[in-house]
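Colleague: just need the structure, nothing else, for what follows:
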Amino acid sequence: MSARTLVRTTGTALIVLGVVALAWGFVTWKWGDPLTSAYTSWQQRKLSREYNSLVSTYRPARRTTTSSRRRVVRPLDVAALRFRKHAHSGQAIGRIHVDRLDLDMVLVEGTDGDSLRKGPGRDRRTYMPGEGQLVYIAGHRTTFGAPFAHIDSLRRGDRVVLQMPYGRFVYGVTGSVIVPADDLARLRTHGREVIALQACHPRFSARERYIVYAAPVRPSPARAAAHAAVNNTG
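Modeller: Next comes the predicted model:
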């Protein structure tokens, strides 16, 4: 092979590689990395079956009272607390729906690497929907299904729905903030029900975190929990 032919072949190969890299980058930016997304889709199918089984076998908590003032504790509070205490990392715990993001996925317990490869996950340092505290949910932005790829498109009033075995919770977006990646103060609860959706920022970087906050619109306990409130006397 002559030097001229070698240069021409090398140049052509570099151009092809460049075009492929650009195409891959565009696809990842638009829809997420297809290879890792295939893995997440497979995991989501397994999680969906797991969650359906969880719902079919779920039994609501009984209504209780405190020993001092005999104050009734809401069945929803009890159900959420009990569910949190028995959840384990990587488990399917609910479903998350966000119309603006075209998102409908099984919600996973935990934000460790293995859990987030399966789908958006609840940070175990925070609470479950219905406990009246912070519910912090993280998700990937460019890989593993990219559930929060376009989190920055959410607008005030957009609905975020969390379907749990013990109830359905609807939240409305109230605002967003960009913080350093090490800002752990964002995991502190402030004594009121609020959810935080978090993804890396900017895209293709983990330097910062983009967080969207949403407040409850209406909680709807599952029928079983509602029946427990009527039928159980504690």
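
Colleague: residue ranges for the helices of the protein, please.
Modeller: Taking DSSP state H as the test, the helices found in the chain are 3-31, 34-57, 75-86, 113-116, 223-231.

Colleague: check the chain and tell me which residue is nearest its centre.
Modeller: residue 120 (3.2 Å; C-alpha atoms, centre = their mean).

Colleague: next up, the contacts around the residue lying closest to residue 175 once chain neighbours are set aside.
Modeller: The shortest distance from residue 175 to any non-neighbouring residue, by C-beta to C-beta, 6 or more residues apart in numbering, is to residue 213 (5.6 Å). Where C-beta positions appear, they are placed from N, C-alpha and C, glycine not excepted. Residue 213 makes contacts with 173, 174, 175, 176, 177, 194, 195, 196, as judged by C-beta atoms under 8 Å, 6 or more residues apart in numbering.

Colleague: list the beta-bridge partners for the residue nearest to the fourth one when sequence neighbours are not counted.
Modeller: Among residues not flanking residue 176 along the chain, residue 212 sits closest, at 4.6 Å (C-beta to C-beta, 6+ apart). Counting by DSSP bridges, residue 212 forms beta bridges with residue 176, residue 197.

Colleague: coming back round to it: which among the contacts of residue 213 end up buried?
Modeller: 173, 176, 194, 195, 196 (16 or more other C-beta atoms under 10 Å).

Colleague: who are the contact partners of the residue lying closest to residue 145 once chain neighbours are set aside?
Modeller: Sequence neighbours aside, residue 40 is the residue nearest to residue 145 in space, at 3.6 Å (criterion: C-beta to C-beta, 6+ apart). Counting by C-beta under 8 Å, 6+ apart, residue 40 touches 117, 118, 119, 144, 145.

Colleague: hang on, the earlier thing: what's the closest of the contacts of residue 213 to residue 2?
Modeller: residue 176 (59.2 Å; C-beta to C-beta).

Colleague: ok, that closest one to residue 198 distance?
Modeller: The gap separating residue 176 from residue 198 is 10 Å, by C-beta to C-beta, to the nearest Å.

Colleague: which residues touch the residue nearest to residue 176?
Modeller: Applying C-beta under 8 Å, 6+ apart, the residues near residue 212 are 151, 154, 173, 175, 176, 196, 197, 198.
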